[in-house]
Each structure stands twice: as C-alpha cells, then as structure tokens.
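**Student:** My questions concern the predicted model and sequence given below.
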Amino acid sequence: MGIWLELGIFGLVFVFAFWQMHDVRKAQEQTRQQRAREKAAQEAMDQAESAKSAADKTDLKS
C-alpha cells in the first residue's frame with residue numbers, strides 16, 4: 001500500500017514539473033516576441049533618423 005502512495009506523490013511531482021516547464025516555455029516565447037517588437041521599433045527609429053539626417057545634409061548643399 002505504501003508504494004502506491006509514493007508513486008502517487010511522484011506522479012504529482014512529475015505533473016507539477018511538466019506544468020512549470022510549459023509555463024516557462026510560454027514566458028520565454030513572450031519575451032522573444034517582445035524583444036523582436038522592440039528591435040523592430042528601434043530599427044525603424046534608426047532608419048527615420050538616418051533619412052532625416054540625409055535630408056538635412058542635402059538641404060545644406062542646396
């Protein structure tokens with residue numbers, strides 16, 4: 001009878017660990033998506049700045 005109790009506890013621990021790993025993977029994916037959005041926004045800002053800088057330089061030459 002004691003072995004069934006031990007197996008039940010082991011099973012619960014195993015299920016809890018699986019659940020935690022699932023949550024970790026979801027959080028990692030959300031972090032990756034957030035970083036990709038931030039990187040895209042930063043690149044867009046950099047391109048806008050370089051375009052503005054290039055436009056300012058051509059205005060000075062005129």
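**Tutor:** Looks like it came in fine. Numbering: from 1, shown residues only.

**Student:** Show me the strands in the chain, by range?
**Tutor:** For the chain, applying DSSP state E gives no strands.

**Student:** So, low pLDDT: which residues of it?
**Tutor:** Scanning the chain for pLDDT under 70 picks out 56-62.

**Student:** Tell me which stretches of it form helices.
**Tutor:** 2-61 (DSSP state H).

**Student:** so how far is stretch 30-46 off the chain centroid?
**Tutor:** Distance, stretch centre to chain centre, for stretch 30-46: 10 Å (Cα atoms, centre = their mean, to the nearest Å).

**Student:** Same question for stretch 27-35.
**Tutor:** 1 Å.

**Student:** Buried residues in that stretch, which are they?
**Tutor:** For stretch 27-35, burial by neighbour count (16 or more other Cβ atoms under 10 Å) applies to no residue. C-beta coordinates here come from the backbone N, C-alpha and C atoms, glycine included.

**Student:** CA atoms only for it, dumped as PDB, please.
**Tutor:** The C-alpha trace of stretch 27-35 is given here as PDB (Å, rounded to 0.1, in the frame of the first residue of the first chain):
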ATOM      1  CA  ALA A  27       7.100  33.100 -20.900                       C
ATOM      2  CA  GLN A  28      10.300  32.600 -23.000                       C
ATOM      3  CA  GLU A  29       8.200  32.900 -26.200                       C
ATOM      4  CA  GLN A  30       6.500  36.100 -24.900                       C
ATOM      5  CA  THR A  31       9.900  37.500 -24.100                       C
ATOM      6  CA  ARG A  32      11.300  36.700 -27.500                       C
ATOM      7  CA  GLN A  33       8.300  38.300 -29.200                       C
ATOM      8  CA  GLN A  34       8.600  41.400 -27.000                       C
ATOM      9  CA  ARG A  35      12.300  41.800 -27.800                       C
END
